[in-house]
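Visitor: Quick check, what structure comes out for this input:
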Amino acid sequence: MAGPAALLVSVSHQLGGLRTLRLLQGAGRRGHEDAARGPPHRSHHPSQTQTSGAGGSRHGPGEAFGPGRTRGLEAERKAPGGSPKGEAASGEPAPRDPGGAGPEPAAQPGPASPGTLREAALRSKLARVAGAAARLVEAERTLLLPLLQERPFPVHLKDSIEFRNICSHMALQKEGQQFERDLYEAHQCLKIIIEKLICSLAVFPSESYIPVRSALRQILQNLLAM
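Guide: Modelled structure (predicted):
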(Lines give C-alpha, C1' and ligand atoms only; values in the text may rest on other atoms or scores of the structure.)
Protein backbone atom coordinates (compact mmCIF):
# COMPACT_ATOMS: atom_id res chain seq x y z
CA MET A 1 0.00 0.00 0.00
CA ALA A 2 1.09 3.57 -0.63
CA GLY A 3 0.03 7.06 0.35
CA PRO A 4 -1.40 8.73 3.46
CA ALA A 5 -4.15 6.14 3.92
CA ALA A 6 -1.59 3.34 4.16
CA LEU A 7 0.44 5.30 6.70
CA LEU A 8 -2.63 5.94 8.85
CA VAL A 9 -3.46 2.23 8.86
CA SER A 10 0.13 1.43 9.80
CA VAL A 11 0.05 3.99 12.60
CA SER A 12 -3.19 2.51 13.94
CA HIS A 13 -1.49 -0.90 14.33
CA GLN A 14 1.48 0.72 16.04
CA LEU A 15 -0.88 2.51 18.42
CA GLY A 16 -2.49 -0.82 19.30
CA GLY A 17 0.91 -2.19 20.29
CA LEU A 18 1.78 1.00 22.16
CA ARG A 19 -1.41 0.86 24.24
CA THR A 20 -0.56 -2.72 25.23
CA LEU A 21 2.96 -1.70 26.26
CA ARG A 22 1.58 1.09 28.43
CA LEU A 23 -0.85 -1.29 30.10
CA LEU A 24 2.06 -3.61 30.86
CA GLN A 25 3.99 -0.68 32.30
CA GLY A 26 1.10 0.20 34.60
CA ALA A 27 0.64 -3.39 35.76
CA GLY A 28 4.35 -3.78 36.47
CA ARG A 29 4.48 -0.52 38.42
CA ARG A 30 1.53 -1.48 40.62
CA GLY A 31 3.02 -4.90 41.31
CA HIS A 32 6.34 -3.33 42.30
CA GLU A 33 4.65 -0.87 44.66
CA ASP A 34 2.59 -3.63 46.28
CA ALA A 35 5.72 -5.71 46.83
CA ALA A 36 7.53 -2.72 48.35
CA ARG A 37 4.69 -2.01 50.79
CA GLY A 38 4.52 -5.61 52.01
CA PRO A 39 1.65 -7.13 54.00
CA PRO A 40 -0.66 -4.71 55.86
CA HIS A 41 0.28 -4.00 59.48
CA ARG A 42 -2.29 -4.86 62.11
CA SER A 43 -2.40 -2.63 65.16
CA HIS A 44 -3.21 -4.23 68.49
CA HIS A 45 -5.74 -2.46 70.71
CA PRO A 46 -6.41 -3.43 74.32
CA SER A 47 -9.77 -5.10 74.72
CA GLN A 48 -12.46 -3.60 76.84
CA THR A 49 -12.32 -6.55 79.21
CA GLN A 50 -8.72 -5.63 80.17
CA THR A 51 -9.64 -2.12 81.27
CA SER A 52 -13.08 -2.59 82.77
CA GLY A 53 -12.13 -4.41 85.99
CA ALA A 54 -11.33 -7.83 87.39
CA GLY A 55 -13.08 -10.82 85.93
CA GLY A 56 -14.03 -8.93 82.74
CA SER A 57 -16.95 -7.14 84.48
CA ARG A 58 -18.14 -3.79 83.13
CA HIS A 59 -19.57 -2.69 86.54
CA GLY A 60 -17.88 -0.37 89.03
CA PRO A 61 -16.35 -1.61 92.30
CA GLY A 62 -19.51 -0.97 94.29
CA GLU A 63 -21.69 -2.84 91.82
CA ALA A 64 -19.34 -5.78 91.54
CA PHE A 65 -18.86 -6.49 95.25
CA GLY A 66 -21.73 -4.75 97.02
CA PRO A 67 -21.63 -1.89 99.54
CA GLY A 68 -20.27 -3.98 102.41
CA ARG A 69 -17.37 -5.31 100.45
CA THR A 70 -16.51 -1.84 99.16
CA ARG A 71 -16.32 -0.41 102.72
CA GLY A 72 -14.07 -3.31 103.69
CA LEU A 73 -11.69 -2.57 100.86
CA GLU A 74 -11.51 1.07 101.82
CA ALA A 75 -10.66 0.10 105.38
CA GLU A 76 -7.87 -2.16 104.17
CA ARG A 77 -6.38 0.66 102.11
CA LYS A 78 -6.40 3.07 105.10
CA ALA A 79 -5.04 0.55 107.61
CA PRO A 80 -1.21 0.49 108.10
CA GLY A 81 0.37 -2.38 106.20
CA GLY A 82 -2.92 -3.03 104.39
CA SER A 83 -3.09 -5.53 101.60
CA PRO A 84 -2.77 -4.14 98.01
CA LYS A 85 -5.56 -6.40 96.86
CA GLY A 86 -7.90 -3.44 96.46
CA GLU A 87 -5.73 -2.08 93.65
CA ALA A 88 -6.07 -5.28 91.67
CA ALA A 89 -9.82 -5.44 92.30
CA SER A 90 -10.34 -1.80 91.34
CA GLY A 91 -9.28 -2.50 87.79
CA GLU A 92 -6.09 -0.35 87.81
CA PRO A 93 -3.41 -1.75 85.50
CA ALA A 94 -0.53 -3.53 87.14
CA PRO A 95 2.92 -1.94 86.85
CA ARG A 96 5.00 -3.07 83.91
CA ASP A 97 7.71 -5.62 84.37
CA PRO A 98 10.97 -3.70 83.86
CA GLY A 99 12.55 -6.85 82.47
CA GLY A 100 9.77 -7.47 79.93
CA ALA A 101 10.45 -7.54 76.23
CA GLY A 102 9.67 -4.35 74.29
CA PRO A 103 8.15 -4.11 70.81
CA GLU A 104 9.94 -6.05 68.12
CA PRO A 105 12.16 -3.86 65.89
CA ALA A 106 10.98 -3.28 62.34
CA ALA A 107 12.54 -5.55 59.77
CA GLN A 108 15.23 -3.83 57.69
CA PRO A 109 15.19 -4.33 53.91
CA GLY A 110 17.91 -6.63 52.70
CA PRO A 111 20.03 -6.32 49.57
CA ALA A 112 18.28 -6.53 46.21
CA SER A 113 18.05 -10.09 44.93
CA PRO A 114 19.13 -11.06 41.39
CA GLY A 115 15.46 -11.50 40.50
CA THR A 116 14.70 -7.93 41.58
CA LEU A 117 17.57 -6.55 39.47
CA ARG A 118 16.43 -8.57 36.49
CA GLU A 119 12.87 -7.28 36.85
CA ALA A 120 14.16 -3.70 37.07
CA ALA A 121 16.14 -4.18 33.84
CA LEU A 122 13.04 -5.55 32.10
CA ARG A 123 10.92 -2.61 33.29
CA SER A 124 13.56 -0.20 31.98
CA LYS A 125 13.67 -1.89 28.57
CA LEU A 126 9.89 -2.00 28.38
CA ALA A 127 9.73 1.73 29.11
CA ARG A 128 12.28 2.51 26.41
CA VAL A 129 10.50 0.42 23.77
CA ALA A 130 7.20 2.12 24.66
CA GLY A 131 8.87 5.53 24.51
CA ALA A 132 10.38 4.80 21.08
CA ALA A 133 7.01 3.62 19.76
CA ALA A 134 5.32 6.80 21.02
CA ARG A 135 7.96 9.04 19.40
CA LEU A 136 7.70 7.10 16.13
CA VAL A 137 3.92 7.55 15.97
CA GLU A 138 4.31 11.27 16.67
CA ALA A 139 6.93 11.68 13.92
CA GLU A 140 4.78 9.78 11.42
CA ARG A 141 1.73 11.91 12.17
CA THR A 142 3.35 15.33 12.25
CA LEU A 143 6.30 15.02 9.84
CA LEU A 144 5.85 12.05 7.53
CA LEU A 145 2.13 12.34 6.75
CA PRO A 146 2.42 15.81 5.12
CA LEU A 147 5.20 14.48 2.86
CA LEU A 148 3.12 11.51 1.79
CA GLN A 149 0.36 13.85 0.68
CA GLU A 150 2.83 15.36 -1.80
CA ARG A 151 4.56 12.20 -2.98
CA PRO A 152 3.26 8.77 -1.89
CA PHE A 153 5.66 5.89 -1.27
CA PRO A 154 5.07 2.27 -0.21
CA VAL A 155 4.33 1.67 3.48
CA HIS A 156 5.07 -1.80 4.90
CA LEU A 157 1.96 -2.69 6.87
CA LYS A 158 3.22 -6.18 7.71
CA ASP A 159 5.82 -4.88 10.15
CA SER A 160 3.33 -2.70 12.04
CA ILE A 161 0.86 -5.58 12.27
CA GLU A 162 3.64 -7.83 13.55
CA PHE A 163 4.58 -5.25 16.19
CA ARG A 164 0.98 -5.09 17.44
CA ASN A 165 0.72 -8.90 17.54
CA ILE A 166 3.98 -9.29 19.45
CA CYS A 167 2.84 -6.79 22.07
CA SER A 168 -0.49 -8.60 22.43
CA HIS A 169 1.31 -11.92 22.93
CA MET A 170 3.60 -10.29 25.47
CA ALA A 171 0.59 -9.20 27.52
CA LEU A 172 -0.45 -12.85 27.87
CA GLN A 173 2.95 -13.83 29.29
CA LYS A 174 3.59 -10.96 31.76
CA GLU A 175 6.76 -12.62 33.07
CA GLY A 176 9.31 -15.35 32.37
CA GLN A 177 11.61 -16.09 29.48
CA GLN A 178 8.85 -15.89 26.87
CA PHE A 179 8.07 -12.33 28.02
CA GLU A 180 11.73 -11.41 27.54
CA ARG A 181 11.77 -12.94 24.06
CA ASP A 182 8.61 -11.08 23.09
CA LEU A 183 10.07 -7.81 24.38
CA TYR A 184 13.20 -8.41 22.30
CA GLU A 185 11.09 -9.17 19.23
CA ALA A 186 9.05 -6.00 19.73
CA HIS A 187 12.30 -4.04 19.97
CA GLN A 188 13.60 -5.59 16.74
CA CYS A 189 10.30 -5.08 14.90
CA LEU A 190 10.24 -1.40 15.85
CA LYS A 191 13.82 -1.07 14.61
CA ILE A 192 12.88 -2.60 11.23
CA ILE A 193 9.89 -0.23 10.84
CA ILE A 194 12.10 2.83 11.39
CA GLU A 195 14.87 1.60 9.08
CA LYS A 196 12.41 0.94 6.24
CA LEU A 197 10.85 4.38 6.66
CA ILE A 198 14.28 6.01 6.43
CA CYS A 199 15.05 4.09 3.24
CA SER A 200 11.68 5.02 1.71
CA LEU A 201 12.36 8.71 2.25
CA ALA A 202 15.06 8.60 -0.43
CA VAL A 203 12.40 9.41 -3.07
CA PHE A 204 12.02 12.92 -1.65
CA PRO A 205 14.31 15.89 -2.36
CA SER A 206 16.87 16.36 0.37
CA GLU A 207 15.34 19.60 1.69
CA SER A 208 11.94 17.96 2.16
CA TYR A 209 12.83 14.90 4.18
CA ILE A 210 15.73 16.19 6.29
CA PRO A 211 13.55 16.98 9.37
CA VAL A 212 11.67 13.67 9.36
CA ARG A 213 14.82 11.68 8.56
CA SER A 214 16.64 13.38 11.41
CA ALA A 215 13.77 12.60 13.81
CA LEU A 216 13.63 8.95 12.72
CA ARG A 217 17.40 8.53 13.03
CA GLN A 218 17.31 9.94 16.55
CA ILE A 219 14.56 7.48 17.56
CA LEU A 220 16.55 4.63 16.00
CA GLN A 221 19.74 5.69 17.76
CA ASN A 222 18.00 5.70 21.14
CA LEU A 223 16.47 2.30 20.40
CA LEU A 224 19.81 0.75 19.42
CA ALA A 225 21.41 2.08 22.62
CA MET A 226 19.25 -0.27 24.72
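Visitor: what about Asp182, how many residues close to it?
Guide: 20 (other C-beta atoms under 10 Å). Glycine gets a C-beta too; all of them are placed from N, C-alpha and C.
Visitor: tell me the contacts of it?
Guide: Ile166, Cys167, His169, Met170, Gln173 (C-beta atoms under 8 Å, 6 or more residues apart in numbering).
Visitor: So which of those residues is the closest to Leu145?
Guide: Closest approach between the contacts of Asp182 and Leu145, by C-beta to C-beta: Cys167, at 22.7 Å.
Visitor: Is that closest one in a helix, a strand, or coil?
Guide: Under DSSP: H, G, I helix; E, B strand; the rest coil, Cys167 falls in the helix class.
Visitor: Surely it touches Gly17?
Guide: Yes - in this structure, Cys167 is within contact of Gly17 by C-beta atoms under 8 Å, at 3.8 Å.
Visitor: between the two, who's got more neighbours?
Guide: Per other C-beta under 10 Å, whichever of Cys167 and Gly17 has more neighbours is Cys167, with 29 against 26.
Visitor: okay if I get the contacts of Asp182 as TSV plus distance to Leu144 and pLDDT?
Guide: Formatted as TSV, those follow (distance: C-beta to C-beta, whole Å; pLDDT from 0 to 100):
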residue	distance to Leu144	pLDDT
Ile166	22	97
Cys167	21	96
His169	27	94
Met170	26	93
Gln173	32	80
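Visitor: Where does the prediction get shaky in this protein?
Guide: Filtered on pLDDT under 70, the chain yields the residue ranges 1, 28-115, 174-175.
Visitor: buried residues in the lengthiest helix in it?
Guide: In the chain, assigned by DSSP state H, the helix with the most residues is helix 4-37. Burial within helix 4-37, assessed by neighbour count using 16 or more other C-beta atoms under 10 Å, is assigned to 4, 6-7, 10-11, 13-14, 16-18, 20-22, 24-25, 28.
Visitor: which helices and strands does that helix pack with?
Guide: Helix 4-37 makes packing contacts with helix 114-139, helix 145-150, helix 157-173, helix 177-200 when contacts are defined by 3 or more C-beta pairs under 8 Å, 6 or more residues apart in numbering; DSSP states H and E.
Visitor: To Leu223, which of those lies closest?
Guide: When the helices and strands packed on helix 4-37 are compared by C-beta to C-beta, helix 114-139 sits nearest Leu223, at 4.7 Å.
Visitor: hmm, back to that, what is the orientation angle of the longest helix of the chain with helix 157-173?
Guide: 20 degrees (axes from the mean of the first three to the mean of the last three C-alpha atoms, to 10 degrees).
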